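# no sequence on this one, just coordinates:
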């Protein structure tokens, strides 16, 4: 005979019905399904089968999404850069755990994922690109669960998003900025000019030391980032470059050599402030924003300088392979897809080369 709390009862038509939880929504409410049989023992067996194998074959785990994501992070921690690990950790804490954390992996369905995606856009107000980054992290955790929890998980579908137009300074904007930087002679102006004419990343410039500048070349072999330490507080860290290809030697443009010689010191960070302290990326970004505002230019991020450098190089006729090595990319496709932005003038020059043959 059924016991209280089993969710098993005999129907008026003589059959036995047993209910089971088939889905838990984001607000914690449960949706039930039912199985039927002629006897109590038969329906009990069917109910247990659905509870333990909710997807018709894979073992249901009692682990929650929080458990899964933490186990996944622990496993891949050694293979990840500190900055990447902390990025995943923050994504899980701020978005995934908040909505999905207490749901058991076996109760996760495509409907739940759909609700979660909608909430990222509507309730949390994330852009499609940022929401996709969250979904990618969740997807990696669920792929881990397939093997380590032996359970079937719903597929993750990324949002379709139109690629945002990358900000590149026009030649006119660049002239205005350079004129401002040369007329406001300080360590921050020097750093911005260095980025504009070498394509270095903000962390690479801030980590540069005078020992890295040898015979009119720059050796990029480290990067500076502010990350959390073991105590949970943030601190500035000097780390290996972004990728193996990021460790590179690049020539210094001739026009930049006099400015470099003006600031050259025997040792220490290139962007050492008057108070003797280094310049960290966050401060460098703030100073760049101040310069852009003072010049009356449209808002831009420090990384705009890297895009602008790449575009000017292509406009000057540099081949993409050479440019790719200067930027420190693993392959030419990255350079073409992300950093080469042809100007209208360059397009017109290319079109004008076509001749009408009769």
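That came through, no problem. Worth saying up front: this structure is predicted, and the values here are computed from it rather than measured. Residues are numbered from 1 along each chain as shown.
# state the pLDDT value of residue 82.
In this model, residue 82 is scored at 85, pLDDT.
# cool, residue 67 as well?
91.
# how close does it get to residue 156?
18 Å (Cβ to Cβ, to the nearest Å). All C-beta spots, glycine's among them, are computed from the backbone N, C-alpha and C.
# neighbour count for the two, which is higher?
Neighbours per residue (other Cβ atoms under 10 Å) separate residue 67 from residue 156, with residue 156 holding more: 19 against 16.
# next, give phi and psi for the closest residue in space to that one that isn't next to it in sequence.
Closest residue to residue 156 apart from its sequence neighbours, by Cβ to Cβ, 6 or more residues apart in numbering: residue 139 at 3.9 Å. Residue 139 adopts backbone torsions of phi -60, psi -40, taken as degrees, to the nearest 10.
# isn't residue 139 right up against residue 157?
No. Between residue 139 and residue 157 there is no contact under Cβ atoms under 8 Å: 9.4 Å.
# list the contacts of the closest residue to residue 15 other than its chain neighbours.
Leaving aside its sequence neighbours, residue 15 sits nearest to residue 36 (Cβ to Cβ, 6+ apart; 5.2 Å). Neighbour list for residue 36: 11, 15, 16, 17, 18, 43, 46 [criterion: Cβ atoms under 8 Å, 6 or more residues apart in numbering].
# can you list the strands that the host helix or strand of residue 36 pairs with?
Using DSSP states H and E, residue 36 sits in strand 30-37. Note on strand 30-37: by DSSP bridges, its sheet partners are strand 16-24 (antiparallel).
# give the rounded mean pLDDT of the partner strand.
80.
# list the buried residues of stretch 143-151.
By neighbour count on 16 or more other Cβ atoms under 10 Å, the buried set for stretch 143-151 is 144, 145, 149, 151.
# same list (those residues) but as TSV, adding secondary structure, distance to residue 128 and pLDDT.
Putting these into TSV (DSSP: H, G, I helix; E, B strand; the rest coil; distance: Cβ to Cβ, whole Å; pLDDT from 0 to 100) gives the following:
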residue	secondary structure	distance to residue 128	pLDDT
144	helix	25	89
145	helix	25	88
149	coil	30	77
151	coil	29	81
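# which of those residues lies closest to residue 182?
residue 144 (52.8 Å; Cβ to Cβ).
# would you agree that closest one is in contact with residue 75?
Yes. Taking Cβ under 8 Å as the definition, residue 144 is a contact partner of residue 75 at 6.9 Å.
# and the helices in the stretch 251-358 of the chain?
257-263, 281-294, 304-315, 320-327, 332-334, 344-352 (DSSP state H, counting those that start in this stretch).
# quick one: the strands in this structure, in order.
With strands called from DSSP state E, the chain shows them at 8-10, 16-24, 30-37, 213-214, 217-220, 223-228, 234-239, 248-251.
# export those to TSV and append columns for distance to residue 126.
Compiled in TSV, the strands of the chain are given as follows (distance: least, Cβ to Cβ, whole Å):
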stretch	distance to residue 126
strand 8-10	43
strand 16-24	23
strand 30-37	26
strand 213-214	41
strand 217-220	33
strand 223-228	22
strand 234-239	23
strand 248-251	34
